[in-house]
Each structure stands twice: as structure tokens, then as C-alpha cells.
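[1] Give me coordinates for this.
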Amino acid sequence: MILNPKNLRIPGTLKRFFYYPSLYSQGQHKNIFLFSSRRGGSTLLAQLISYQQGMRYVDQPFDLFQSHTKAGKTKLHYLPAVPNSQFITLSSEEESLVKEYVSLLLKGKLKYLGGLERFQFPFLANRTLLKICNASPLIDWFNANFNILTCYLVRHPIPQSLSVMKNHWGITAEAYLNNKSFINSFLNHEQVNQAHQIINEGTYFQQAILNWCLENLFPLKYCSSDVLKITYEELVLNPTNLIPLISNKLNIQDGQEIMKRIEKPSRSSKLSEQKTRKAILEGDKKKIVSRWMKQVSAEQLNEAKVILELFEIFAYKTDDYLPAPQLLLCQK
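    Just a heads-up that it's a prediction; the model follows:
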């Protein structure tokens, strides 16, 4: 049975017990940092990984938008205030702040940040999973400063952008375009000029595609550290082969239990995640990853193609729902 104190109608004292820092003691396996971008499918993957017995799950520890919550106040106390909650580059002072914050987080010293997804006696966590959706340009920095295992999840830019639009979420691209260090390291003049034009004159769809490019540019093209790169499409289409591979790479012992979980949607899961798992179970996997192709016009397909080519990103094509072959981890 899967229990999460966030979703139980139990007294606050008991909830605090579940989250109390003394319940955490680092085990022999490295902690896991899962990087992705908004609406990229990271919730599904994080929920599967966090089903490992003793895995403590911290959802978006660098999200500064929920400042009214207890978790949000904790983040604001330790972390530097960055534009649009995007951690792109760090000054030496900001590095010190982030190092202290992450160190405390991994030691289980910060209340309201993280909890066990799977409860089984003894109620002890010995490993931490961080799901990070707004700091992908810092993947190499995190790997250099912490003894961790790192994975990166990417999804086709068009359905991900449509999902962002459906939620009426804002565009974070300006945080990247106003970051001189990011521009000097990864963008040329034409890319910067065209990006500003899209921000000022483009449609919401074009801006969302641009946003996807900027958020995923570093992990797709410039990341130099050892990162397990996973595509959302392969996770949905081929979980039988992919999950054992992920389990092996991340030193997860409960691979079979994870497979059972993907077939049994949790009541606590978001509706979209339930639909995804239901489709996987019923063999309707292709529909999950391809249905967006009926939701966009030929004009939008061309707009997305132009922007992807502008940033020389070839991980996906606009006329295909599958990722480029080099991104697939398993042989079909």
C-alpha cells in the first residue's frame, strides 16, 4: 500500500513525525537528481523512482513561485532570488547559498521539503530523489559539487508546449535572454535577436517552443557530465525494457515493484498521470505520445521547425512524435 502523509487526513503532529529530519539517514547508494522542464513528464518518472523503499522524494526544491507555503518560505530563506525562478548561472555568493541549501536538504535537515512515497516498516529514508524543473543549465555544476547520480528527462517540444499553454503558464525565456553568461556561452547574435523578436511579436505557441529550446539547450547540446538521458516517449512506449535499464543505472532495487506501480495508478496521482498509466496498461501507448499531431496546424508545425532549427536542436522533428534514434536507450 502506498501512503503519502501529504494526502492523508491525519493530525498535523503525525504528519510532522513522517517528515521529521531524524527519520533520514544516508545509505550507501548515491542520491538522485532528476532534471527536466515543465510538463515534460517528470512527475510520472519521479513517482516511479520514488517507489524505491527508503527513497525520500523532494518535488521541485528550486521552485520559488509558491512563496506562501511553508516549503516555499524555507526555499526563500536559503536560496538566492533569481528571475522567473530559473537557476541558470550562479555567482560565487550564490554558489555558496545553493551548496548550503542542497547539503542541508540531502541530510534531511529541512522540514516541509520531501517525504516518503512508499511507507513500509521501518519508516526510515536512506536516499533522496530531487525532481528539478528549473535548473538544467546547472547539471554539470551539481555533478561537480555533489556525489550524485543524475538523469535528465526530455519530451517532444510541441506537446510539452501545448500542455504549458493549456495551463496558461508564463514564459520564462527572458530569464535566459537577460543572462549574459548564458548568452556568451551558448547563443549567437542571430539566436538572441530572433528570440527577442519571438518574445515581442510571436504567438503564445512560438514563445512556448522558444521556452522549451532555452530550457533544454544545455542538457541536449552542452552537458559534459555523466547523465542518464531519458525520453518521455520511450518511457511511455517501452516501459518493460526501459525501467529495468533505469533501475540498473540508478541502483534501484525495486524494478519489478516499479513496473507494478506504472500499471496501477495511485489515487494520489494527478489526473493526467492516471490517464497516462491507464493508456500504458491498456496498450494505447502510441495515442499518449502522438495525439498532439492532430491538435496543431501546418503553420504551427512550420513555426516550431523554424525555431528548433534556429537553435540547431535535432533531438525531435516536428513531423514525428518519436525522438531522434540516438536518444533511445533500448532496442525495440
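
[2] got the residue ranges for the strands in the stretch 201-332 of the chain?
    Residue ranges of the strands in the stretch 201-332 of the chain, as given by DSSP state E, counting those that start in this stretch, are 228-231.

[3] The stretch 1-150 of the chain too?
    Counting by DSSP E, counting those that start in this stretch, the strands of the stretch 1-150 of the chain are 31-35, 55-59, 115-116, 127-132, 148-154.

[4] Now render those strands as TSV, adding distance to Phe65 and mean pLDDT.
    Every residue, glycine included, has its C-beta placed from N, CA and C. Shown next, in TSV, are these (distance: least, CB to CB, whole Å; pLDDT from 0 to 100):
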stretch	distance to Phe65	mean pLDDT
strand 31-35	18	98
strand 55-59	13	90
strand 115-116	20	61
strand 127-132	14	94
strand 148-154	21	98
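
[5] Switch those strands over to a markdown table; also include mean neighbour count and distance to Pro323.
    Shown next, in a markdown table, are the strands of the stretch 1-150 of the chain (neighbours: other CB atoms under 10 Å; distance: least, CB to CB, whole Å):
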| stretch | mean neighbour count | distance to Pro323 |
| --- | --- | --- |
| strand 31-35 | 25 | 16 |
| strand 55-59 | 23 | 25 |
| strand 115-116 | 22 | 32 |
| strand 127-132 | 26 | 21 |
| strand 148-154 | 22 | 7 |
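
[6] Return the set of residues that bridge with Leu129.
    Beta bridges link Leu129 to Ile32, Tyr57, judged by DSSP bridges.

[7] picking up where we left off before, now the strands of the stretch 1-150 of the chain in TSV, with distance to Thr69?
    Shown next, in TSV, are those (distance: least, CB to CB, whole Å):
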stretch	distance to Thr69
strand 31-35	21
strand 55-59	12
strand 115-116	14
strand 127-132	16
strand 148-154	25
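
[8] out of those strands, nearest to Gln326?
    For those, proximity to Gln326 was assessed by CB to CB; strand 148-154 is nearest, at 12.4 Å.

[9] and the gap between Ile183 and Leu214?
    10 Å (CB to CB, to the nearest Å).

[10] what touches both of these two?
    176-177 (CB atoms under 8 Å, 6 or more residues apart in numbering).

[11] More neighbours: which of those two?
    Neighbour count, other CB atoms under 10 Å: between Ile183 and Leu214, Leu214 has more, with 28 against 16.

[12] wait, what's in contact with the more buried one?
    172-173, 176-177, 195, 311.
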